[in-house]
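> the following comprises the amino acid sequence and a computationally predicted model.
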Amino acid sequence: MDGVNKELEQIFDSFDKNFIFKNKSVLQSNYQPNEILHRKEYINQVASILAPLLRGERPSNLFLYGKTGTGKTLSMLYVMKELMKRVDKIDALKLRIEYLNCKLKKVSDTEYRILAELIKKLGGNVPATGLPTQAVYSQFIELIDSEDQLVVLILDEIDQTVKKISDDFLYNLTRLNQDLSKAQISIVGISNNLTFLDEIDPRVKSSLSEEEIVFPPYNALQLQDILNKRAVSAFKEGVLQEGVIAKCAAYAAREHGDARRAIDLLRVTGEIAERQGSKKILLKHIDEANEKIEKDKIFEIVKSEPKQFQLVLGSIIKLVEDKKGEAIFTGDVYNYYQELCTKNKLEILTQRRVSDIIQEFDMHGLINAVVISKGRGGRTREIKLAMTNQIVKKIKEIIKDSIDCF
DNA sequence: CGAGATTCATGTGAAGTATACCTTTAGGCTTAA
DNA sequence: AAGCCTAAAGGTATACTTCACATGAATCTCGTA
């Protein structure tokens, strides 16, 4: 018994001796800063478009674009918070703002579920299944229309949804106002995909994006500001080696100015420094962190891939290692893959499919596959691994867990 | 020797199929009036 | 009668397969110099 306690004490002790973090949550992705840097202009735009709400008028539908980590959601939520503060002071005004991230797994699947989720947020109740979609619609409308009120629906990552469902859903939403007698509704769509609006029905397009705001990526300097600000409350004083912030910002700026990425990088860097028992965060920790994030991403992909994919990847790795330096081709991979399938008693997919799978790996950046023509030797893909040996080794371990190869 | 035809091994697109997972519907059962 | 549940029926997305055709440079063919 005593032994266990000592062990625990040690763990707690080492936690206590944490030199690095003061408040790590500041660097976690759901953290809401109370001031948003370098987005003032856009926040103002959003605010001025939504301002009519305060007079009880329906604002235009609004559409926000921008790549990931450009502060769209953050800005929107901020404006929403400020608006609500203001509205609370005005008695006569009934305003509801509902935020829904369409990408969340439990929601994203269908029109039905999005509506169900919205209804739940508005205080209604729908069974998880069973009702006709039309019935859910009318319940939704009834719920909104039950009072004299203004409703703003913020639909985040809406492009994800529309890819899965048709744009009828959006069309219906934009026309909701016609079915309402007392209440009025505005829609704010947020999309990561800059070309999203080009892909949807023009009727929807015109009514959904009465106003549009594009959020540009942050540049390296702006990222630095953001990181600096967060670092102050996240880290203990003096733990940052000079240049750490700048380097983090530079890394993220290279990746289309994604602030989320920058913050993640900074956090992971801190975690690595902490784990190594370092008293300061050094530049070299950033490289490790960057690699770790990269690695995690790859592992995530590999792990979530079905067995067939893992077999193909296993075949590729095996062949590349065997043929040191020499390029390998689709045919080789397919042959070896067939062997592996037999060995593992799995069904053999057609070459057509394997070809697609290889292409997918290429898209994920796990391998480099270029289509070449070998003249009379035919056409094929020339395949190379695009990962460091370390990562390959790890992947082999992951694959080995589920499949007998190598 | 060179232009054009041929060839190889596989890429690529379209369309069809199997499967799993949903939604809808309808019928039956329960409940409450 | 209304509400609820469930099983069967109908839909739809996904992951493949099948079929058919496209590719593009090495190689072959054959006419010509």
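Perfect, I can see it now.
> which residues sit against stretch A:214-229?
A:33, A:35, A:37-39, A:42, A:64-67, A:69-72, A:75, A:194, A:245-246, A:248-250, A:252-253, A:256-259, A:262-263, A:266 (CB atoms under 8 Å, 6 or more residues apart in numbering). (Glycine included, C-beta is placed from N, CA and C.)
> mind listing what's buried in that stretch?
By neighbour count on 16 or more other CB atoms under 10 Å, the buried set for stretch A:214-229 is A:215, A:217-218, A:220, A:222-224, A:226-227.
> okay if I get the residues you listed as a markdown table plus pLDDT, distance to residue A:300 and secondary structure?
Below are the buried residues of stretch A:214-229 laid out as a markdown table (pLDDT from 0 to 100; distance: CB to CB, whole Å; DSSP: H, G, I helix; E, B strand; the rest coil):
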| residue | pLDDT | distance to residue A:300 | secondary structure |
| --- | --- | --- | --- |
| A:215 | 88 | 26 | strand |
| A:217 | 88 | 24 | coil |
| A:218 | 87 | 25 | coil |
| A:220 | 86 | 27 | helix |
| A:222 | 89 | 29 | helix |
| A:223 | 88 | 24 | helix |
| A:224 | 89 | 28 | helix |
| A:226 | 88 | 26 | helix |
| A:227 | 87 | 24 | helix |
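> now narrow those residues to whatever sits close to DNA strand B.
Counting by CB under 7 Å from any atom of the strand, the subset of the buried residues of stretch A:214-229 that neighbours DNA strand B is empty.
> name the nearest of these relative to residue A:308.
When those are compared for distance to residue A:308 (CB to CB), residue A:217 wins out at 36.9 Å.
> coming back round to it: closest one of the buried residues of stretch A:214-229 to DNA strand B?
Nearest to DNA strand B out of the buried residues of stretch A:214-229 is residue A:217 (CB to the nearest atom of the strand; 30.5 Å).
> follow-up on the earlier one: drop anything exposed from the contacts of stretch A:214-229.
Buried subset of the contacts of stretch A:214-229 (neighbour count, 16+ other CB under 10 Å): A:37-39, A:42, A:64-67, A:69-72, A:75, A:245-246, A:248-249, A:252-253, A:257-259, A:262-263, A:266.
> in strands, which of the residues you listed appear?
A:64-66 (DSSP state E).
> the stretch 251-400 of chain A: strands as residue ranges?
According to DSSP state E, counting those that start in this stretch, the stretch 251-400 of chain A carries its strands in the segments A:328-329, A:367-373, A:379-385.
> adding pLDDT, write the ones in strands among the buried ones among the contacts of stretch A:214-229 out as JSON lines.
Putting these into JSON lines (pLDDT from 0 to 100) gives the following:
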{"residue": "A:64", "pLDDT": "87"}
{"residue": "A:65", "pLDDT": "83"}
{"residue": "A:66", "pLDDT": "83"}
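> ok, how many other residues are close to the residue in chain A positioned nearest to DNA strand C?
Closest residue of chain A to DNA strand C, CB to the nearest atom of the strand: residue A:375 (1.6 Å). Look at residue A:375: counted by other CB atoms under 10 Å, it has 7 neighbours.
> what does residue A:176 give?
20.
> same check, this time on residue A:304
By other CB under 10 Å, the residues close to residue A:304 number 8.
> next one: it from residue A:323, what distance?
28 Å (CB to CB, to the nearest Å).
> and if you look at residue A:32?
From residue A:32 to residue A:323 the distance is 52 Å (CB to CB).
> then residue A:355?
Applying CB to CB to residue A:355 and residue A:323 gives a distance of 20 Å.
> between those two, who's got more neighbours?
A count of neighbours by other CB under 10 Å puts residue A:355 above the other of residue A:355 and residue A:323, at 18 against 11.
> show me the contacts for that one.
A:330, A:381.
> where does the stretch 151-300 of chain A dip in pLDDT?
A:159-172, A:179, A:195-204 (pLDDT under 70).
> specify the beta-bridge partners of residue A:156.
residue A:101 (DSSP bridges).
> do I have it right that it meets residue A:73?
Yes - between residue A:156 and residue A:73 there is a contact under CB atoms under 8 Å: 5.7 Å.
> give the residues shared as contacts by the two.
Both residue A:156 and residue A:73 are contacted by residue A:190, under the criterion CB under 8 Å, 6+ apart.
> if we can go back for a sec, as CSV, the ones in strands among the buried ones among the contacts of stretch A:214-229 with distance to residue A:340 would be great.
Converted to CSV, those look like this (distance: CB to CB, whole Å):
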residue, distance to residue A:340
A:64, 47
A:65, 44
A:66, 44
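> what's residue A:392 in contact with, if anything?
So residue A:392 contacts A:317, A:385 (CB under 8 Å, 6+ apart).
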